[in-house]
Every structure is written in structure tokens, then in C-alpha cells.
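Visitor: return a 3D structure for these sequence lines:
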Amino acid sequence: MKIECYGSTRIQEGRKLNEDAFLIGGGTIPFSALCDGAGNAEQSAKKVLRLFKQLFNKTTLGKVLTPETWAGWIKVLDSSILGVAESTFIGVSVIGRQVIGAYVGDSRAYLIKNEGQCRLITIVPSKFRLGSGKTEPVPINLTLEPQDILLLLSDGAWTPLNPYLLTKAVRSVEGEHFAEVPTVILDAAERTGRPDDMTAVALRIST
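Guide: Next up is the predicted model:
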């Protein structure tokens with residue numbers, strides 16, 4: 001099976017620094033992660049993702065598959081920006097058709113089934129962000145069918161779009177390169193302006 005993953009991010013209108021950041025890794029264990037920082041202190045989102053990449057690259061397949069590993073990583077990430085600037089975190093890895101990960105904060109994941117249904121994956125509220133010292137990681141565990149699309153979105157991207165509009169945007173580029181999916185989502189999200197940084201990551205498996 002082939003794993004495709006692409007992302008795109010845009011800066012809030014009138015701002016010069018993007019407090020969102022995303023990361024895509026395509027090694028032995030593919031992964032992706034997205035952070036939405038609250039404040040510019042050392043650009044917390046980018047700092048979190050640099051550390052997450054280090055932690056992920058030092059682990060093994062068996063550990064990636066356990067929720068305890070992800071919870072441990074999030075505790076480390078929480079401590080890394082404690083008292084500096086807070087950030088959301090949502091990250092997933094893909095092993096075969098299995099998606100394993102975790103999240104804190106209000107960044108979201110949606111699953112668009114090949115048949116067309118779109119549903120929110122991150123349904124359990126996660127109030128506290130990284131850097132608060134109070135994070136309670138929520139696990140992600142789902143199975144992807146070929147051509148299902150998993151979306152990771154910061155609040156600037158998901159707030160203007162309901163599941164219908166997300167699906168409509170994604171379906172508008174069917175037949176085009178998969179890299180167009182994050183771009184078309186952000187195009188749809190900013191039709192009424194860009195009052196916040198916005199980031200979208202799209203992932204799917206294909207045979």
C-alpha cells in the first residue's frame with residue numbers, strides 16, 4: 001500500500017508570523033503532526049514539532065502502537081514549552097491501514113470515507129494545550145480503507161467549514177493530484193477572510 005500525505009498553511013491576514021506548523025515524515029513508519037501555537041515565544045508550534053520528530057525517530061514500531069507512548073510524548077512536549085507559549089498538538093502515524101496517534105487542544109481530525117461520509121474523529125474535548133502543564137492526551141485509533149481521506153486541521157481551517165463544506169472542497173479536486181486537497185480546503189476556509197492562521201494536512205492510503 002502507498003501512503004500519500006500533504007499539507008498547506010497560510011498566515012493570518014495582516015500578520016507576518018505564522019503560529020501554525022505541520023510536519024510530515026515518510027520513513028519506515030510514516031507520520032504527520034500539526035500544531036497551532038498561541039503566541040510567538042520561540043514559535044512554540046515549530047519548537048514542539050522539532051522535539052516530536054526527535055522523539056518519534058528514536059522509537060520502535062511496537063512502541064508507536066501503544067497509547068502510553070503517545071501520552072508520554074505529549075507529557076514531554078507539554079513540559080518543553082511550559083511557561084513560554086502554549087500550543088495545540090495533533091499527531092498520527094500509519095502502520096498498514098491502522099492510524100494511531102493522539103491530540104490535545106482544539107485542532108481537529110476528520111475522516112472522509114471513500115463513499116462520501118465525513119465525520120469528526122476528535123470528538124472528545126481536550127481543553128488544555130501543551131505548555132499548560134495540565135494536558136490530558138486523547139488517543140486516536142482508527143482503520144483506513146483505501147481512498148479514505150484523513151484530515152488534520154487547525155482551528156483557523158476547520159472553524160469556517162462544516163463536514164458538508166469540507167467534503168465538497170475535497171471532492172472538487174477528485175482526479176487531480178492529492179497534493180491539491182490541503183490547498184483547496186484552505187481556499188474554501190478563507191472565502192470570508194483569513195482571521196487566523198490556517199493549516200490543513202491530508203493523508204490517505206492507496207493500493
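Visitor: remind me which residues of this structure are low pLDDT?
Guide: The model of the chain has pLDDT under 70 over residues 39-42.
Visitor: check which helix or strand covers Val184.
Guide: Applying DSSP states H and E as the criterion places Val184 in helix 180-189.
Visitor: and the contacts of that helix?
Guide: Helix 180-189 is touched from outside by 6-10, 149, 151, 153, 156-161, 165-166, 168-170, 172-173, 198-202, with contacts defined as Cβ atoms under 8 Å, 6 or more residues apart in numbering. Backbone N, C-alpha and C define where each C-beta goes, glycine included.
Visitor: next secondary structure after it?
Guide: Sequence order places strand 198-206 as the next helix or strand after helix 180-189, per DSSP H and E.
Visitor: which elements pack onto that next one?
Guide: Counting contacts by 3 or more Cβ pairs under 8 Å, 6 or more residues apart in numbering; DSSP states H and E, strand 198-206 is packed against strand 2-10, strand 20-25, strand 31-38, strand 89-95, strand 149-153, helix 155-158, helix 180-189.
Visitor: now with 6 Å, please.
Guide: Using 3 or more Cβ pairs under 6 Å, 6 or more residues apart in numbering; DSSP states H and E, the elements in contact with strand 198-206 are strand 2-10, strand 20-25, strand 31-38, strand 149-153, helix 155-158, helix 180-189.
Visitor: in it, which residues are buried?
Guide: Within strand 198-206, the residues that qualify as buried are 198-205, counting by 16 or more other Cβ atoms under 10 Å.
Visitor: what does stretch 175-185 give?
Guide: Neighbour count says stretch 175-185 has 180-185 buried, by 16+ other Cβ under 10 Å.
Visitor: just stretch 64-75 next, same as before
Guide: 64, 69-70, 72-74.
Visitor: reformat the residues you listed as CSV; add distance to Phe56 and secondary structure.
Guide: Shown next, in CSV, are the buried residues of stretch 64-75 (distance: Cβ to Cβ, whole Å; DSSP: H, G, I helix; E, B strand; the rest coil):
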residue, distance to Phe56, secondary structure
Val64, 8, helix
Thr69, 10, helix
Trp70, 10, helix
Gly72, 12, helix
Trp73, 8, helix
Ile74, 12, helix
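Visitor: name the helix or strand for the residue nearest to Thr207 when sequence neighbours are not counted, please.
Guide: Of all residues not flanking Thr207 in the chain, Pro146 sits nearest, at 5.1 Å (Cβ to Cβ, 6 or more residues apart in numbering). Under DSSP H and E, no helix or strand contains Pro146.
Visitor: okay, now the residue nearest to Val94 when sequence neighbours are not counted: neighbour count?
Guide: Once flanking residues are discounted, Val94 sits nearest to Pro30: 4.8 Å by Cβ to Cβ, 6+ apart. Applying other Cβ atoms under 10 Å, we find 17 residues neighbouring Pro30.
Visitor: verify the stated contact: Pro30 with Glu4.
Guide: No - assessed by Cβ atoms under 6 Å, Pro30 is found out of contact with Glu4, at 9.6 Å.
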